[in-house]
Structure formats: structure tokens, C-alpha cells
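A.B. asks: My questions are about this predicted structure, shown below with the sequence.
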Amino acid sequence: MASSSQLLSLLALLLAVSSSPSLLAVQAAVQYPGDRLTHICVYMHETVSGQHATMLRSVQSPLGSNFMFGTVNVLDNELRDGPDRRSSKLVGRFQGLFVGSGVVSPPGLMTSMNVVFTAGRYNGSTLALLGPVLDFEAPVERSLVGGTGCFRMARGYSVMTSVGNYTKADSVVLVDKIDLYVKIRRQRIITMTAPEKSTPESLFDE
Ligand SMILES: *[C@@H]1O[C@H](CO)[C@@H](O)[C@H](O)[C@H]1NC(C)=O
Ligand SMILES: *[C@@H]1O[C@H](CO)[C@@H](O)[C@H](O)[C@H]1NC(C)=O
């Protein structure tokens, strides 16, 4: 629902339009409250070897097996709400690919990842992350370029930090903390071609 202050600003916009007849179309972005930064913390559990590996190299480099440049790697890691497997719950998957994209390596990885929530309050929603790995020892920062479900129009960034490893059966599982900083831009576009035909209510796009 439009608050009275929003209606007032719309009225001001309508007056501005009618007082300048040359202005046939007006486009205005109205910023709504609620554009806050949400912090979501999840833990990525990556099984690096064995039958149940969640990360694998799907394409070797044409330059040879010692080269990272040209490789394509896929992962489908667990996302849990804690670093300890026994006391944490599965909340989603960390799915995507990373490509050896640096001729001089390291650094030189390009990563494209989806955070897919499968439980909890964000179940069914996803976040899209894109970014390089510039230093294999340092935290990895990525741009949060969008989302689906309750994260539509999301923007932000993520920081992934190594927190350790444990052994499961015969495999090593690496654990990384992923801090997601998400902002949802609640932006509406108002387009007016004929202000006199519009009522304030009909200008809201919902
Ligand atoms: C997540 O959502 C799916 C689809 O709505 C549902 O089948 C599933 O039970 C949910 N999982 C949890 C853990 O809530
Ligand atoms: C696992 O953690 C131990 C102790 O911190 C460390 O020495 C080892 O290098 C780690 N292993 C891997 C594969 O990262």
C-alpha cells in the first residue's frame, strides 16, 4: 500500500508533469524503505576425494595435467549452518564451476557459483555469485550479482574464508565459512505517458 508521503511525492510528480507540457513521458524510480543489508552465514563442506567427492575436474588443460590454465572444474558442495558436521544442519548446496583462467598462475581462477537453499527460511531461493580467486591463501571475495525467489533483485558480495578440515570415511572434507551480504533493491519504475488518465493507485506496479 502507498503511504501518504508516497502519495504526496506522486502528486508533486503529477504537478511537475502537467506544468511542463513538452514532457510526454516521465520515468521515475521510487526508492522504498527496506533496502537493508542482510548478513547470512553458511558453511561450505567440500569432499575433495574418494567416491563421494563433491568437486571434480571435468576438463583437463590442453597444455597438460600440470597446467591449471584451461581446466574446467565442477562442484556441488554441501552448505550447512555450522562447521561441525555432527551438530550442523544441511541448508543448501554450493553449486558451480571454476575455470583456470590465468596464464600466470596463481592467481587465475574464474568462479561462477549458485547458492541454492534447500531448507530453512530461504528454502527454494538462490543467490548467484561471480568472482575471481586472486590468492589461494586469502579469503575469496565474490560479487553477488542476483538471486531468485525471495532474493529477486538482490545485490551484494560474499567472503569465503577457510576454517579447517576433517576426515569422513577415506576422504578429506574442507570447510569454508561463507558470509553473504545481501541487499534487495525494492525499486519500482513508474512510467507515465498520459498523466491525466492515471490515478495514483494505478501507478504502483503491484
Ligand atoms: C523445501 O522446499 C521443498 C519444496 O517446497 C519441500 O519439498 C521441502 O520439504 C522443503 N525442505 C525443508 C527442509 O523444509
Ligand atoms: C587440514 O588441517 C590440518 C590442521 O590444520 C592441516 O595441517 C592440513 O594441511 C589440512 N589439510 C588440508 C587438505 O587442507
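C.D. replies: That came through, no problem. Ligands and ions are numbered 1, 2, ... in the order given.
A.B. asks: any idea how far residue 176 is from the closest residue to ligand 2 within the chain?
C.D. replies: Residue nearest to ligand 2 within the chain: residue 165 (3.8 Å; CB to the nearest ligand atom). In short, each C-beta sits where N, CA and C put it, glycine included. According to CB to CB, to the nearest Å, residue 165 stands 10 Å off from residue 176.
A.B. asks: One more: residue 89?
C.D. replies: Distance, residue 89 to residue 176, using CB to CB: 17 Å.
A.B. asks: And those two? Which one has more around it.
C.D. replies: Per other CB atoms under 10 Å, whichever of residue 89 and residue 176 has more neighbours is residue 176, with 20 against 10.
A.B. asks: in the helix or strand where that one lies, what counts as buried?
C.D. replies: Here residue 176, judged by DSSP states H and E, is contained in strand 171-184. The neighbour-count check on strand 171-184 (16 or more other CB atoms under 10 Å) flags 171, 173, 174, 175, 176, 177, 178, 180, 182, 184 as buried.
A.B. asks: Look up the closest residue to the first one, ignoring the ones flanking it.
C.D. replies: Counting by CB to CB, 6 or more residues apart in numbering, residue 171 lies nearest to residue 50, which is 3.8 Å off, once chain neighbours are set aside.
A.B. asks: Confirm that that neighbour lies within a helix, as I assumed.
C.D. replies: No: using DSSP: H, G, I helix; E, B strand; the rest coil, the assignment for residue 50 is coil, not a helix.
A.B. asks: All good on my end, thank you.
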